[in-house]
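Student: task: produce atomic coordinates for the following.
(chains A, B, C and D)
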Number of protein chains: 2
Amino acid sequence: MSEAPGSLTSLRSRNRLLVVETVQRRGRISRVGIARATGLSRTTVSSLVADLLAEGVLTEADGAGRRASPGGGRPATPLTLNPEGGGVLGVHLRHAGIRVLFTDLSGGVLGERYSEIDVDHRPDDALAYVADTALDLVAAVGHDAGRVFGMGVAVSAPIRSRSHTLRTSSVLADWTGVDIAARLGERVGLPVHVGNDANLGALAEWTFGAGQGADDLIYVMLSDGVGAGLILGGELYEGATGSAGELGHIPVVDGGYVCRCGNRGCLETVVGLRALTSAFAHTRGPGTTIADVVALLAADDPGARRVTADAGRMIGRALVGICAMLEPRRVVIGGEVAAVGRPLMEGMREVLARQLPPPIGQEVTVIAGRLGDRAEALGAIALATQSTSAHLLTR
Amino acid sequence: MSEAPGSLTSLRSRNRLLVVETVQRRGRISRVGIARATGLSRTTVSSLVADLLAEGVLTEADGAGRRASPGGGRPATPLTLNPEGGGVLGVHLRHAGIRVLFTDLSGGVLGERYSEIDVDHRPDDALAYVADTALDLVAAVGHDAGRVFGMGVAVSAPIRSRSHTLRTSSVLADWTGVDIAARLGERVGLPVHVGNDANLGALAEWTFGAGQGADDLIYVMLSDGVGAGLILGGELYEGATGSAGELGHIPVVDGGYVCRCGNRGCLETVVGLRALTSAFAHTRGPGTTIADVVALLAADDPGARRVTADAGRMIGRALVGICAMLEPRRVVIGGEVAAVGRPLMEGMREVLARQLPPPIGQEVTVIAGRLGDRAEALGAIALATQSTSAHLLTR
DNA sequence: ATCATTAATCCGAATCTCGGACGAACATGT
DNA sequence: ACATGTTCGTCCGAGATTCGGATTAATGAT
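Tutor: All right, here's what the predicted structure looks like:
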């Protein structure tokens, strides 16, 4: 399966992957365009593209909006990823429920399922559900089961990308030590790749969403907890053991509330889902949900505005140091809480603009994610696509 | 000079570099050993080694302590980097002075010069001094000028590694826009590579010093200002424009002193060289130097101990967020102020242990750098060696 | 002295990329 | 309508590189 690291064939593999990624990113690009973008020769690109066409990974799109060059010349043949070329499965396992997504190679959604299954306990049940649903979904959309390239799984827990085994985690306690990739791989008969959900959210927004083109970005996932994913230098950065991105446990309030991590005043204690909604306990009752807050914001309620802006400022405080050190191009906000968007981001921008050293402060853009609830599952798909491109596609 | 990215020759280059790095790391390793370590075939390794021997980069060491296999067999020929194979020049440009270092390929120091020239103004003079001193130094140690592979330069300013041109900087104001690499390259007739000094300090400690083996580390440079360099995922991370690592301008004191960056309460305002020594203005007079503080510490002076421990705590505060996000293996302390070592690091450890979320808190080690004053210049040498391995050595 | 064992080299085969030549497809100007 | 210029894509041969197996070298054990 794996190739000799320095071999001739490995070179071709890398070049193949280069071509596929280029098409993925640019969409509708000609052979010559690929050659220019990659630095490979036309000949080589042609040869690689020929293979990829034969295997059904790419297609020649019809020459609808072709021409551009003023002086004429033979029109380019636009290439795209073949929508029917193959599908990829993406799964997001959260404590609140399970999302299973089925897309083509370019991230176009072919089918989706969501279920509010209790994931926390009973890993076996959850995995069984995922496997069944995935296979069912593929069949339901009438896709050839033989042309599914792989599956990616996003999990709300630190994960070692080597072993695919979950680390001890307070989020999904009963999952400690479970080898998700192996167990699922067995059931669905596909290569399975597992990653942390915040990291994969970052990967998704970078590949398909609001982070396109920004080679250094921070994805902030606001949900029950607060997580973050990092794209650094055009690569997903997971840290040595997969625990990178613990944004939620940065202390921001001296002597604040006790957090589930054992420390005090963590960001999570002041901007988590619960912290946000509980601010309305006095006025709107204890049952306030995030949807209620969104509604209040839409009605321009000053209290709601204040609370979310304050949350934004807190996030900003936690991010200042990181932005100073990493100098990211963009900060992308995702997760359910992202729905309270505008005032939250304004609070963040305010703090970042004021507290970052001048050159950096002007370079960081704070924007909302574009993929919504699906971000993490789409990231799992991006992961599977990448890994699969490197393996299966390769021969 | 530069090679096509996906070409056959580029593959060989990569393999060459692989071999050189393997020898650099393992020292005294046979061809077969390299093959096993790299995954390349014996044949390929032999061929690459033959080239490298011919070029004088490697040497066959004498077979002193050879044999190991019990059943006999032809003894392996140990290979090492050729100490006389070539030299590399490293320069550190700080406002306080200029250091020029000359080493062999494995970082062994062959010669050194230091001068307290005023670098801030008159870039021309400084560059002339560097060029003259460098050439002089090579001659003084009797090294063949033809076998100097390159020069690296560490500068106390943000720098775009592409353009080699300095960005606007409050540190070396008159240097804005100066193309150091081109100007020096012209004078010394060598390929010159330029980088930020904190970044290169990180590279140095990672390659030669206290950070060996830690693929994710943060190097903290304590000097007039406070800078940091990052090694992430086994690579130097410089950020998009070279401004990454602005540790000194992370706000740590609400409403603190005004910093030269324009904000208030930056880390630099409380742990910079001046901030540290000025704490002794009342007791020891305004002329207190860092050396005095070191002496006080050696004498176990409680005030000095307190001041440096407090500084350590402040640094810890600035680092908590970053460690939570990046999960580094090690934090290495360098720069002149590192001499006040122990209490400072204890202050840092205290804060980090207490404020980091549990799994990460236990994984981060805080240690002193091992390269002292030379770290940044040695990093420049590592940079030049790397870049040179990829270019010059390559053909 | 001979055998077994490991190291390094030699040789032919296979793979891969590249540059130049060539044909294809289109726009423009006469 | 036709020639011309331009860009796109393919074909072909040359050159570079890696690999596996056979061969030679060097040593310990029997």
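Student: and stretch A:289-301, which residues are buried?
Tutor: Going by neighbour count (16 or more other C-beta atoms under 10 Å in any protein chain shown), the buried part of stretch A:289-301 is A:290, A:293, A:294, A:296, A:297, A:301. Where you see a C-beta, it was placed from the backbone N, CA and C, and this is true even at glycine.
Student: for these, which one is nearest residue A:119?
Tutor: residue A:290 (19.4 Å; C-beta to C-beta).
Student: I figured the closest one hits residue A:274, correct?
Tutor: No: using C-beta atoms under 8 Å, residue A:290 makes no contact with residue A:274, being 9.9 Å away.
Student: in chain A, where is pLDDT below threshold?
Tutor: A:1-6, A:62-72, A:121, A:160-173, A:240, A:242-243, A:337-340, A:388-395 (pLDDT under 70).
Student: for the residue most central in space within it, list the residues it contacts.
Tutor: Chain A has residue A:201 as the residue nearest its centroid, 2.4 Å off, counting by C-alpha atoms, centre = their mean. Going by C-beta atoms under 8 Å, 6 or more residues apart in numbering or on different chains, residue A:201 touches A:154, A:219, A:221, A:227, A:229, A:334, A:335, A:369, A:371, A:375, A:376, A:379.
Student: hmm, try it at 6 Å
Tutor: Counting by C-beta atoms under 6 Å, 6 or more residues apart in numbering or on different chains, residue A:201 touches A:219, A:221, A:229, A:334, A:375, A:376, A:379.
Student: show me what residue of the stretch 201-350 of chain A gets nearest to DNA strand D.
Tutor: Taking C-beta to the nearest atom of the strand, DNA strand D has its nearest neighbour within the stretch 201-350 of chain A at residue A:213, 22.1 Å off.
Student: if I look at that residue, how far off is residue A:231?
Tutor: Using C-beta to C-beta, to the nearest Å, residue A:213 is found at 11 Å from residue A:231.
Student: quick check: can you list the domain ranges of chain A?
Tutor: A:8-81, A:86-202+A:375-394, A:210-369 (automatic domain parsing).
Student: which one of the ones you listed lies closest to residue B:314?
Tutor: Per C-beta to C-beta, nearest to residue B:314 of these: domain A:210-369, 12.3 Å.
Student: what's the spacing between that closest one and its chain's center?
Tutor: Remark: domain A:210-369 is offset 17 Å from the chain centroid, using C-alpha atoms, centre = their mean, to the nearest Å.
Student: that domain close to chain B?
Tutor: Yes: using C-beta under 6 Å from any C-beta of the partner chain, domain A:210-369 reaches chain B at A:216, A:232, A:239-240, A:243-246, A:249-251, A:261, A:318, A:321-322, A:324-327, A:329, A:355, A:357, A:359-360.
Student: for the nearest residue to residue A:380 once chain neighbours are set aside, give the beta-bridge partners.
Tutor: Once flanking residues are discounted, residue A:380 sits nearest to residue A:152: 3.1 Å by C-beta to C-beta, 6 or more residues apart in numbering or on different chains. According to DSSP bridges, the partner residues bridging residue A:152 are residue A:90, residue A:193.
Student: quick one: residue A:43 from residue A:35, how far?
Tutor: If you go by C-beta to C-beta, the gap between residue A:43 and residue A:35 works out to 9 Å.
Student: which of these two has more neighbours?
Tutor: residue A:35 (20 against 10; other C-beta atoms under 10 Å in any protein chain shown).
Student: and that one, which of the three is it?
Tutor: Classification of residue A:35 using DSSP: H, G, I helix; E, B strand; the rest coil returns helix.
Student: ok, residue A:148 - contacts?
Tutor: A:87, A:138.
Student: so how far is chain B from it?
Tutor: 29 Å (C-beta to the nearest C-beta, to the nearest Å).
Student: what are the phi and psi values for that residue?
Tutor: phi -110, psi 120 (degrees, to the nearest 10).
Student: could you count how many residues lie near the residue of chain A found nearest DNA strand D?
Tutor: Nearest residue of chain A to DNA strand D (C-beta to the nearest atom of the strand) works out as residue A:73 at 2.3 Å. Look at residue A:73: counted by other C-beta under 10 Å, it has 9 neighbours.
Student: helix, strand or coil: sort out it for me.
Tutor: Of the three states, residue A:73 takes coil under three-state DSSP.
Student: the closest residue in space to residue A:143 that isn't next to it in sequence: how many residues sit nearby?
Tutor: In space, and not counting its chain neighbours, residue A:143 is closest to residue A:87: 5.3 Å by C-beta to C-beta, 6+ apart. Neighbour count for residue A:87, taken as other C-beta under 10 Å: 24.
Student: thinking again about what came up before, now, which of the contacts of residue A:201 lie within strands?
Tutor: A:219, A:221, A:229, A:334 (DSSP state E).
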